[in-house]
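Undergrad: need coordinates for the below:
(one chain, ligands or ions: 1)
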Amino acid sequence: MTAFDSFPLGRPAFITNILDRAAHLRGNDEKLLALEGHRDARAYVVHRDSLVVKQDAGGPRALLTIDEALKFGANPGTIFLGLREGGAAVFGMGISAASVEKLLTRDDVAVTELRGMAMQGVVPPEQLSAIAMAKSMVSWHQRHGYCANCGTRTAMKEGGWKRDCPSCKAEHFPRTDPVVIMLVTSGDKCLLGRQKQFPPGMWSCLAGFVEAAETIEDAVRREIFEESGIRCTDVHYYMTQPWPYPSSLMIGCTARATTDDIIVDRTELEDARWFDRAEATLMIKRQHPDGLAGPHPFAIAHHLLGRWLHEGPNAHA
Ligand SMILES: [Zn+2]
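TA: Down below sits the predicted model:
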């Protein structure tokens, strides 16, 4: 029995990648050109938080041929994401707002927000990680066109995994931002918070960015104290989840509270409070009489909470 069998859960989104990143090919322009020219090459076309999806008779299709992508108005610069089983290449491509406007008039194309796709299963869940890669990478290129060192326009290299400055020779690499997300417990209760932008009634684990020269454990303790006034200890790593908004890595942890009184930082959170195991169970099962709900199953927070509930009250007795 896995930790999640007692709940109708899936796996968290974005954690299973169908692609072999084949990083050894990134510096080989000739090979990348040949892969892109192959009839089996495909692309994910990304605009901000959305993906261009072709509506075929058999259902929506996220993997477009390179020809389709270009005809839809995708920018020609491709980012090499990796190889599918069988060796065909998959690329990420951006598209302008003007081209997206034109696509929205067509019946056979949809431009769909990635979060909604993940929640509603519009594309096969095993593709979400590759789509997340495309989204994070396209977004990085769009925001890093100029050298942070000298301001000169930079050039895409290494299949999109680097930008070089022709003037000062600085090399720029796509970054991933570490975020700690943690379930803090105290005996039979757990600490959850609400951000202002959450849907009504939804509560989730507290989270925050890891800062410069900070350990994961210290980041967990600091964020919990800053947002809720709670001191905690026994920080343990659970699992990670890539989170492409725009390019975070959620580091799931658990911790044990050593104090009880909550002081909410209202600039960060709308509210934070303790929930006992019975109430949290109703929330995660979406059966709470007041309509309170836990985080969505595609998010790591749901799994942190689900595991604690599944383990039962005596797990650490
Ligand atoms: Zn420069």
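
Undergrad: residues of the stretch 151-300 of the chain that sit close to the ion?
TA: When proximity is defined by Cβ under 5 Å from the ion, the stretch 151-300 of the chain lies next to the ion at 152, 165, 167-168, 170. Where you see a C-beta, it was placed from the backbone N, CA and C, and this is true even at glycine.

Undergrad: for PyMOL, write a command that selects the buried ones of those residues.
TA: If you want just the buried ones from those in PyMOL, going by 16 or more other Cβ atoms under 10 Å, the selection is:
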select buried, resi 165
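
Undergrad: of all the residues of the stretch 151-300 of the chain next to the ion, which comes closest to Leu282?
TA: Ala170 (53.6 Å; Cβ to Cβ).

Undergrad: quick one: list the elements packing against the worst-scoring helix or strand of the chain on mean pLDDT.
TA: Sorted by mean pLDDT, DSSP states H and E, the helices and strands of the chain end with helix 114-120, the least confident at a mean of 82. Helices and strands touching helix 114-120, by 3 or more Cβ pairs under 8 Å, 6 or more residues apart in numbering; DSSP states H and E, are strand 50-56, helix 128-143.

Undergrad: quick check: domain ranges of this structure?
TA: Structurally, the chain divides into domains by automatic domain parsing as follows: 23-139, 144-174, 177-311.

Undergrad: of all the residues in the longest strand belonging to the chain, which ones are buried?
TA: Counting by DSSP state E, the longest strand found in the chain is strand 232-243. The neighbour-count check on strand 232-243 (16+ other Cβ under 10 Å) flags 232, 235, 238, 240-243 as buried.

Undergrad: surely Glu126 is in contact with Ile18?
TA: Yes. Between Glu126 and Ile18 there is a contact under Cβ atoms under 8 Å: 5.3 Å.

Undergrad: ok, those two, which is more surrounded?
TA: The residue with more neighbours, out of Glu126 and Ile18, is Ile18; 15 against 11, by other Cβ atoms under 10 Å.

Undergrad: on that earlier part again, just how off-centre is the least confident helix or strand of the chain within its chain?
TA: Mean C-alpha position of helix 114-120 versus that of the full chain (Cα atoms, centre = their mean, to the nearest Å) differs by 11 Å.

Undergrad: export it as CSV, just CAs?
TA: The C-alpha coordinates for helix 114-120 follow below in CSV (Å, rounded to 0.1, in the frame of the first residue of the first chain):
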residue,chain,number,x,y,z
LEU,A,114,-0.9,25.1,-18.3
ARG,A,115,-2.3,24.9,-14.8
GLY,A,116,-5.8,24.3,-16.0
MET,A,117,-4.4,21.6,-18.4
ALA,A,118,-2.7,19.9,-15.5
MET,A,119,-5.8,20.0,-13.4
GLN,A,120,-8.2,18.9,-16.1
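
Undergrad: pull the residues that contact it.
TA: Residues from elsewhere that reach helix 114-120, judged by Cβ atoms under 8 Å, 6 or more residues apart in numbering: 13-14, 49-51, 53, 122-123, 125, 128, 131-132, 135, 244, 296, 298.

Undergrad: those residues, buried ones only, as a PyMOL selection?
TA: Entered in PyMOL, the line below selects the buried ones among the contacts of helix 114-120, by 16+ other Cβ under 10 Å:
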select buried, resi 13+14+50+51+53+122+123+125+128+131+132+135+244+296+298
